[in-house]
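# Fold the following.
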Amino acid sequence: MVLGAVLLAQTLPALAEKPAEEARDSFPLISLLMPSLLSPTPAEPNAGEAEGALNTFELRAAPLPSGSIDLTANSDNLWDRLRNGFSMPDLNDDLTLYYQQWYQNRPDALRRMVERSRPYMHFIVQELEARGMPTELALLPMVESSFNPMANSRSNASGLWQFIPATGKRFNLEQNWWQDKRRDIVASTGAALDYLQTIYEMHGDWQLALASYNWGEGAVKRAIEKNNSRGLPTDYVNLTMPNETRHYVPKLQALKNIFGNPALMVQLHLPEILNRPYFATIDTPHPIDVKTAARLANMPLDEFIALNPSHNRPVIKADTPLVLPADKLTLFRSNLEKNAAPLSEWQAYTLKHGERLRQIAPRFGISLPELARINSLPSGIRLGAGTTLLVPAGQGGDDLNSVARGVAPTQIVEAEPEVVCRKHCRPASARGDKAAKSHAERGETRLSAREANAHGKRAERASGKGSHKVAAAEPGKNPAKSARATSSESKHKTASSKAGSPAKVAKSTTGRRG
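Numbering: from 1, shown residues only. Sure, this is the predicted structure:
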């Protein structure tokens, strides 16, 4: 200890005469243990600084290794953000290769899907990140609907995420007269991610969760139990499933391979998507026409509908959020405040006793087919008194606010008049109608006027064809004999007709009973 102190005392004067850098290089050990001794003499402390304050040294950040990715950096390209969130296990099989080649051979179709996804992709990626879910799932609407929010399938699935009616109701997607929230961008995305999270927690495997999304969680569960009972693996690859489900995950994996490869995206000329919110929502306290809302936002109608595809009517009911481009929100508010014209050109009308659609349509200056289309009515339907319709604004209607806050206007369908048919009618057992079966015991079948008219026309055609065949039968024979035979058959049929039930009712077009 004493020797060290003596050595230090001898070296300090020499250090004072040398520059700081030279002294630091000469005595590296001292510079490590007591850096303050080798640092330049600090300036006189200011009046506000405490004497004996410690000196601070700035540490520079270590440089990043080449080829690394900074996940904390915000890229302007949304595809970079999407790739950084990929976390599902890859599927490498022949079907994946097939579909990757299939998509790559159709770059135009890929570019159209990317353009359609532009308004929605940032919102979907943001929602996935907030839930800690794999961002590959943002590509799932490409498999489901090609990012067409108005897509409908043969199984009545609808929207970007293709919810069938029952599953949509299960996840609170309302389907009523005013709108179908399976097509709502915000609501359906939330419901789809809720559903995917639920089935992932059920299986603990994303590939099985995707199979459940396509096939149904109950079906996948039964397939797993079947393999368990046979001692077989229960992963996605080894389950027995329909072809559609077998091809479902490979399609998503193929898209992941394409969008996960920046060089391939450049080669296919796939456009970038900006990494910023595309849309925002605003509430509307009053009913507003779809066309009026688009005009106030200074948007083309088709672009407005692409962001608000859930509405079934040309008017949006009150207290319904509107989805608008983020850069149009301020303009919409300003135009809405300045607008003095009515926000809607539609009103409600309640049918009175005896009124029919063909009488209502010309009264409000609209064609009958257009009136039926606006109200989603099948052609030829008979509506009863008390039915509420959407009609163009004019005299004699009700304020739309009176019904726009409700779920749906009242629609009362009247049954068509019935007639009694004794001939050329479908058997009661085939109709499956208890009332018809009771009439069948008396040799009668009750039909509507329209059905009776159709049966009557078929009977006339059948009768006409039969007479023609008799008159022209067996050419080459004596015409007189053929005529006598025809006359004999005609008399026989007339006698049979008088003995049996009258068949005039089947030819009736009045809709009355015989």
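
# from here on, contacts and neighbour counts on C-alpha atoms
OK.

# what's the neighbour count on G397?
Neighbourhood size, G397 [other CA atoms under 10 Å]: 17.

# Same check on I374?
As a burial measure, I374 scores 14 neighbours (other CA under 10 Å).

# Please apply the same query to the one 4 residues further on.
Counted by other CA under 10 Å, the residues lying close to P378 total 10.

# That one reaches P369, doesn't it?
No. P378 is beyond contact range of P369, at 9.4 Å (criterion: CA atoms under 8 Å).

# mind listing what A361 touches?
Applying CA atoms under 8 Å, 6 or more residues apart in numbering to A361 gives the contacts 367-368, 371.

# These into a markdown table, with extra columns for pLDDT?
Listed next are those as a markdown table, based on pLDDT from 0 to 100:
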| residue | pLDDT |
| --- | --- |
| S367 | 94 |
| L368 | 93 |
| L371 | 94 |
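
# Pull out the buried residues from those residues.
Taking 16 or more other CA atoms under 10 Å as the criterion, what is buried in the contacts of A361 is L371.

# Looking at the contacts of A361, spot the one nearest N312.
L371 (13.7 Å; CA to CA).

# list the helices and strands the longest helix seen in the chain packs on?
For the chain, the longest helix by residue count, based on DSSP state H, is helix 107-131. With contacts defined as 3 or more CA pairs under 8 Å, 6 or more residues apart in numbering; DSSP states H and E, helix 107-131 has these neighbours: helix 185-203.

# For the helix it packs on, list every residue counted as buried.
So for helix 185-203, counting by 16+ other CA under 10 Å, buried means 185-193, 195-197, 199-200, 203.

# How about stretch 382-395?
383-385, 387-393.

# mind giving me CSV with these and columns for secondary structure and distance to E345?
As requested, the buried residues of stretch 382-395 are exported to CSV (DSSP: H, G, I helix; E, B strand; the rest coil; distance: CA to CA, whole Å):
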residue, secondary structure, distance to E345
L383, strand, 23
G384, coil, 25
A385, coil, 24
T387, coil, 20
T388, strand, 16
L389, strand, 14
L390, strand, 10
V391, strand, 9
P392, strand, 6
A393, coil, 5
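
# Taking those, tell me the two that lie furthest apart.
Of all pairs in those, the most separated under CA to CA is G384 and A393 at 21.7 Å.

# what residue ranges in the chain are flagged as low confidence?
1-53, 57, 61-73, 402-411, 413-514 (pLDDT under 70).

# what's near enough to touch Q253?
90-91, 96.

# ok, those vs E129, which is closest?
Closest to E129, out of all of the contacts of Q253 and judged by CA to CA, is D90, at 19.4 Å.

# the helices in the stretch 301-450 of the chain, which residues?
Using DSSP state H, counting those that start in this stretch, the helices of the stretch 301-450 of the chain run over 301-307, 329-338, 357-363, 368-374, 401-404, 428-431, 434-440, 449-471.

# Using CSV, write down the CA coordinates of the fourth one.
As requested, C-alpha coordinates have been extracted for helix 368-374 and formatted as CSV (Å, rounded to 0.1, in the frame of the first residue of the first chain):
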residue,chain,number,x,y,z
LEU,A,368,-93.0,-0.1,-59.2
PRO,A,369,-89.8,-2.2,-59.7
GLU,A,370,-87.7,0.6,-58.2
LEU,A,371,-90.0,0.9,-55.2
ALA,A,372,-89.7,-2.9,-54.6
ARG,A,373,-85.9,-2.8,-55.0
ILE,A,374,-85.5,0.1,-52.5
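
# which helices and strands does it pack with?
By 3+ CA pairs under 8 Å, 6+ apart, helix 368-374 packs against helix 357-363, strand 388-392.

# Out of these, which is closest to Q175?
strand 388-392 (18.0 Å).

# Packing partners of the closest one?
Looks like strand 388-392 contacts strand 346-350, helix 368-374 (3+ CA pairs under 8 Å, 6+ apart).

# give me that answer again for 7 Å
strand 346-350 (3 or more CA pairs under 7 Å, 6 or more residues apart in numbering; DSSP states H and E).

# ok, and what's touching the strand it packs on?
386-393, 397-400 (CA atoms under 7 Å, 6 or more residues apart in numbering).

# Could you export those residues to TSV, including columns for distance to L160?
Formatted as TSV, the contacts of strand 346-350 follow (distance: CA to CA, whole Å):
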residue	distance to L160
G386	36
T387	33
T388	31
L389	30
L390	28
V391	31
P392	31
A393	34
G397	37
D398	36
D399	34
L400	30
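
# Go through these and name the one nearest D319.
Of the contacts of strand 346-350, the one sitting nearest to D319 (CA to CA) turns out to be L400, at 13.2 Å.
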